[in-house]
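Enquirer: please find the sequence and the predicted model below.
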Amino acid sequence: MKLLIIGGVAGGATAAARARRLNENAEIVLFERGEYISFANCGLPYYIGDVIKDRKSLFVTTVPEFKKRYAIDIRIFTEVTAIDRENKQVEVKNLKTGEIYRESYDKIILSPGAEPFRPNIEGIHLDNIYNLRNIPDTDKIKAVIDEKKPESAVVVGGGFIGLEMAENLAIRGVKTTIVEKLDQVMPSLDFEMASFMSAHLKEKGVACFLGDGIRSFSENHGRLTVHTENGRQLECDLAILSIGVKPENRLAGEAGLDIGSRGGVKVSATMQTSDPDIYAVGDAVEVTDYVSGLNTMTPLAGPANKQGRIAADNVMGRRSIFNGTLGTSVVKMFDLTVASTGANERFLAASKIPFLASYTHSGSHASYYPGAEMMAVKLFFSPGTGKILGAQIIGKQGVDKRIDVIATAIYGSMTVYDLEELELAYAPPYSSAKDPVNIAGFVAANILKGDVKNINWNELIDIDPDTNVLVDLRNKDELKEAGWINGAIHIPLPELRSRVNELDPGKNYILFCAIGLRGYVGYRILSQKGFKAQNLSGGYKTFLGAKEKIMVESPDTPLWRAE
């Protein structure tokens, strides 16, 4: 057995190690265009930000260590330029010497990854415009910051890398601006959840220009000017491009392998391509979305590692299956932790998958124990079975463990009723007797059981204010501190029962409080007294995250304006 692995890092290096553990006698050759076969991509922004001090800690392993442990022929600075499937050979180029030669194979595992998207616009090749993909990119950016001490930077794109770079540039004292073509940062989230992030960025001194793309770059006396589509001219010392990636499919495409509609290499559940002797893994492949069953691409390290292991299993005769991806992710942004798993609202709607959504706000641990922080949870579930479809969580503490619980629940085909029943670890410093995951389950189950009729923020846009009345159930001091919604009548929850005679039975009452709990209690009171009512899911806190979009889409409805 002669196995060629094309590309290292998460997918390729994992496949190589797994293949050797399964077959001590196989001839295994790993080709890598660069110098490094296994490094921590996700740690690169933190090294630039001096959070990670030692450059060596970025390397999962080195070439000598890997060779010694696994007896694998590793050829760095070497590019596979073509695959001759008929003769089962590849064409190889030594990038140091220029030598071109051919290498035979029995099986191939492709792990070429994805390359940063770099738009063809004026000035794109000017100095001090960088992508962040690998160690050499990192070294260049860090050298600029360490040696030139730039005063300002523009980060183009508000996804994972863009946000992490914005944070770490700011930590280094660089005045940073994010320009994002969408009307929100973090496209994997829904608008109202992402709004918490953009507000936090502004609190930390990072300017955000949303709904604005890049038109061109120019240079003046050694400084860059970023020209945006909306006419802004942003001067800076360096720019970081973080506007997405595209799969490196050239080698596979030229070899005649099937390419999917998204541009990724098509693979089966065993990671096999359209050629039974060639497998592919990582950012370059199209895989199955676990929730919808549709094709998707997930440029994340976790799935790439699993796929590398699975491909090696199958190459070596051990049947192994990749069941699909949830896209589970987490990102740190200054004091916030932001996480998601499964489908978001846009995807569910576009895929015509029936769903319901609920919002909850819960403490990271018991409120009476010092340091508790609120986290916002958005949960998606099936209106029939209650099967969990996705979740988004934003907070300061405990977000990561809650998203992992929900990701596990989705993978296990669990329902919101199961979330109610989960027995999760509790002690005052870590959680509450009713964990935020349980609370999300309770609220979702209440919706399905008919115990509450919720209304979500986006439904407010089309509501007739003549037949619907907002009722603010918060206490008076809360209004002074947090603001209010114009047109809402104020009845604190403790007074609701005694003031029902003030309400019109012909109207529909939309009840809200700070986070939704008192709104639910108010709904139970009014519904049992014969009134039509709804609870604003997530309360005023969720409304604040969405108010900009509400005002944009419904500018002539002053009823919904928050003060």
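Expert: Everything's here; your move.

Enquirer: can you pull out the helices in the stretch 301-450 of the chain?
Expert: 301-315, 345-350, 399-411, 416-421, 436-449 (DSSP state H, counting those that start in this stretch).

Enquirer: for the ones you listed, which one sits closest to Val206?
Expert: Comparison of these against Val206 by C-beta to C-beta identifies helix 399-411 as nearest, at 20.1 Å. To be clear about C-beta, it is placed using only N, CA and C from the backbone, and glycine gets the same treatment.

Enquirer: and the angle for that closest one with helix 436-449?
Expert: 40 degrees (axes from the mean of the first three to the mean of the last three C-alpha atoms, to 10 degrees).

Enquirer: give the other helices and strands that helix 399-411 contacts.
Expert: strand 329-333, strand 336-342, strand 374-381, strand 388-395, helix 416-421, helix 436-449 (3 or more C-beta pairs under 8 Å, 6 or more residues apart in numbering; DSSP states H and E).

Enquirer: try it again at 7 Å.
Expert: Other helices and strands packing on helix 399-411, by 3 or more C-beta pairs under 7 Å, 6 or more residues apart in numbering; DSSP states H and E, are strand 336-342, strand 388-395, helix 436-449.

Enquirer: most packed of those?
Expert: strand 388-395 (a mean of 27; mean count of other C-beta atoms under 10 Å).

Enquirer: can you report how many residues neighbour Ala425?
Expert: 8 (other C-beta atoms under 10 Å).

Enquirer: same thing with the one 4 residues further on?
Expert: Other residues near Pro429 number 11, with proximity taken as other C-beta under 10 Å.

Enquirer: nearest residue to Ile406 other than its sequence neighbours?
Expert: Using C-beta to C-beta, 6 or more residues apart in numbering and skipping residues adjacent in sequence, the residue nearest Ile406 is Ala391, 4.5 Å away.

Enquirer: tell me if Asn168 really is in a helix.
Expert: Yes - under DSSP: H, G, I helix; E, B strand; the rest coil, Asn168 sits within a helix.

Enquirer: confidence score at it?
Expert: At Asn168, the model reports a pLDDT of 96.

Enquirer: and for the one 10 residues further on?
Expert: With respect to pLDDT, Ile178 has a value of 97.

Enquirer: going forward, begin numbering at 828 instead of 1
Expert: Got it, the first residue is 828 from now on, which makes the last one we talked about Ile1005.

Enquirer: from memory Glu1113 sits against Gly1087, does it?
Expert: Yes - Glu1113 is within contact range of Gly1087, at 3.9 Å (criterion: C-beta atoms under 7 Å).

Enquirer: overlap in contacts of those two?
Expert: Residues touching both Glu1113 and Gly1087 by C-beta atoms under 7 Å, 6 or more residues apart in numbering: Lys1093, Asn1122.

Enquirer: tell me which of these two has more neighbours.
Expert: Glu1113 (23 against 17).

Enquirer: surely the more buried one is within a strand?
Expert: Yes - counting by three-state DSSP, Glu1113 is located in a strand.

Enquirer: show the contacting residues for it.
Expert: Contacts of Glu1113 by C-beta under 7 Å, 6+ apart are Gly1087, Arg1089, Gly1091, Val1092, Lys1093, Asn1122, Thr1123, Met1124.

Enquirer: farthest pair within those?
Expert: Farthest pair in those, by C-beta to C-beta: Val1092 and Thr1123, 13.4 Å.

Enquirer: comparing these two, which residue is more hemmed in?
Expert: More crowded of Val1092 and Thr1123, by other C-beta under 10 Å: Val1092, with 28 against 19.

Enquirer: my guess is that one contacts Asp1110, does it?
Expert: No - with contact defined as C-beta under 7 Å, Val1092 does not count as touching Asp1110 (10.3 Å).

Enquirer: all helices for the stretch 1278-1390 of the chain, in order.
Expert: Counting by DSSP H, counting those that start in this stretch, the helices of the stretch 1278-1390 of the chain are 1303-1309, 1344-1355, 1366-1380.

Enquirer: low-confidence ranges, the protein, go.
Expert: 1374-1390 (pLDDT under 70).

Enquirer: residue furthest from the geometric center of it?
Expert: Asn1328 (48.1 Å; C-alpha atoms, centre = their mean).
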